[in-house]
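A.B. asks: model the following, please.
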Amino acid sequence: MLEIFICEDNEKERAFITDFINGHIMMENLDMKIVMSTADPNLMARYVKESVSRGLYFLDVDLKAEITGIQLATQIRALDPKASIVFITTHAELMSLTFEYAIEAMGYILKGDLEVMKEKIVKYIRHAGEKDRGAEGQAEKFVAKIDDLIITEDYDQILSFEIAVKRQSKVVMYTKKRSVEINSTLAEIEKLSDKFIRCHRSCVVNVDSIKSIDSVGKMIYFVNGDTCIASASGIKILKKIFGS
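C.D. replies: Numbering: from 1, shown residues only. Predicted structure coming up:
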């Protein structure tokens, strides 16, 4: 999933950009999500620092804050080297600053004509999506269907898969940041990678995401603090994999 960030200090303009992007994502069934829309660049910088993000950032250049959009972009680039950064500005002359800071922006959007802004936003969303899907050296991807929508997820973000409670013909995929119900079976998932191990009749885990195994309580603890039940035979298999 591609994460989208918006930092704009004008409340009306921020609402316009946020609402338009949300509508476009829904209309096109895109595997993207706005995870932050804020006027506070420091809040955004902290979030990016504390998470493993690979995102698309729409940043107002002239933020009325302690730091400018250019300075925020510099911090983001250091934390998220593959970031797709789009600057939004009223003043075209400020675009030259991005070259001075060597930020390598994906593009620029001039405020004013709302229809032109919409066209630019759609263009950069498409480009960022293509970049996310086709970047060289990108992490191995898990591909699944949610009804008519195709989604992708990095293998290293996946924690586990469990049979859906209400619809046992579906599987819930749990990742470090979300849970989604996909069209698959645990048997199909087990065949995709030797990282995916059946630990219980209703659960498959990603061994790379396991932090510890409680043999007595029959629980698996993941790196992000989430847990999963396990059977005695499942724990035995996992302990053998970890050599314990």
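A.B. asks: wouldn't residue 210 be in contact with residue 219 here?
C.D. replies: No. Using CB atoms under 8 Å, residue 210 is not in contact with residue 219, being 10.9 Å away. All C-beta spots, glycine's among them, are computed from the backbone N, C-alpha and C.
A.B. asks: neighbour-wise, which of the two wins?
C.D. replies: residue 210 (20 against 14; other CB atoms under 10 Å).
A.B. asks: by mean pLDDT, which helix or strand of the protein comes out lowest?
C.D. replies: Averaged element by element with mean pLDDT, DSSP states H and E, the chain has its least confident helix or strand at helix 96-100 (a mean of 50).
A.B. asks: which element follows that one toward the C-terminus?
C.D. replies: strand 107-110 (DSSP states H and E).
A.B. asks: what residues does stretch 171-184 touch?
C.D. replies: With contacts defined as CB atoms under 8 Å, 6 or more residues apart in numbering, stretch 171-184 is touched by 1, 33, 51-52, 142, 144-147, 151, 153, 157-164, 167, 170, 185-186, 189, 209, 223-224, 226.
A.B. asks: buried only: go through those for me.
C.D. replies: 1, 142, 144, 151, 153, 157-163, 170, 185-186, 189, 209, 226 (16 or more other CB atoms under 10 Å).
A.B. asks: from these, which land in helices?
C.D. replies: 186, 189 (DSSP state H).
A.B. asks: low-confidence regions, the chain specifically.
C.D. replies: 52-54, 92-103, 133-140, 148, 168, 244 (pLDDT under 70).
A.B. asks: how does it divide up, domain by domain?
C.D. replies: 2-134, 141-241 (automatic domain parsing).
A.B. asks: quick one: classify residue 59 as helix, strand or coil.
C.D. replies: With DSSP: H, G, I helix; E, B strand; the rest coil as the basis, residue 59 sits in strand.
A.B. asks: for it, give the beta-bridge partners.
C.D. replies: Beta-bridge partners recorded for residue 59 (DSSP bridges): residue 7, residue 87.
A.B. asks: doesn't residue 85 make contact with it?
C.D. replies: Yes. The pair residue 59 / residue 85 is scored as a contact, 6.5 Å apart, by CB under 8 Å.
A.B. asks: where do the contact lists of these two overlap?
C.D. replies: By CB under 8 Å, 6+ apart, the residues touching both residue 59 and residue 85 are residue 73.
A.B. asks: re earlier: and for residue 210 and residue 219, which residues touch both?
C.D. replies: Common neighbours of residue 210 and residue 219 (criterion: CB under 8 Å, 6+ apart): none identified.
A.B. asks: tell me the contacts of the residue nearest to residue 192 when sequence neighbours are not counted?
C.D. replies: Using CB to CB, 6 or more residues apart in numbering and skipping the chain neighbours, the partner closest in space to residue 192 is residue 142 (7.2 Å). Residues counted as contacts of residue 142 (CB under 8 Å, 6+ apart) are 152-155, 158, 173, 192.
A.B. asks: what residues are bridge-paired with residue 55?
C.D. replies: residue 3.
A.B. asks: please report how far it lies from residue 202.
C.D. replies: Going from residue 55 to residue 202 by CB to CB, to the nearest Å gives 33 Å.
A.B. asks: who's more crowded, the two?
C.D. replies: Legend: neighbour count by other CB under 10 Å for residue 55 and residue 202, higher for residue 55 (25 against 17).
A.B. asks: who's in contact with the more buried one?
C.D. replies: 2-5, 35, 48, 80, 83-84.
A.B. asks: so can I have a markdown table of the residues you listed showing neighbour count and distance to residue 116?
C.D. replies: Converted to a markdown table, the contacts of residue 55 look like this (neighbours: other CB atoms under 10 Å; distance: CB to CB, whole Å):
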| residue | neighbour count | distance to residue 116 |
| --- | --- | --- |
| 2 | 21 | 23 |
| 3 | 21 | 25 |
| 4 | 24 | 20 |
| 5 | 23 | 22 |
| 35 | 19 | 26 |
| 48 | 23 | 28 |
| 80 | 20 | 27 |
| 83 | 22 | 24 |
| 84 | 23 | 20 |
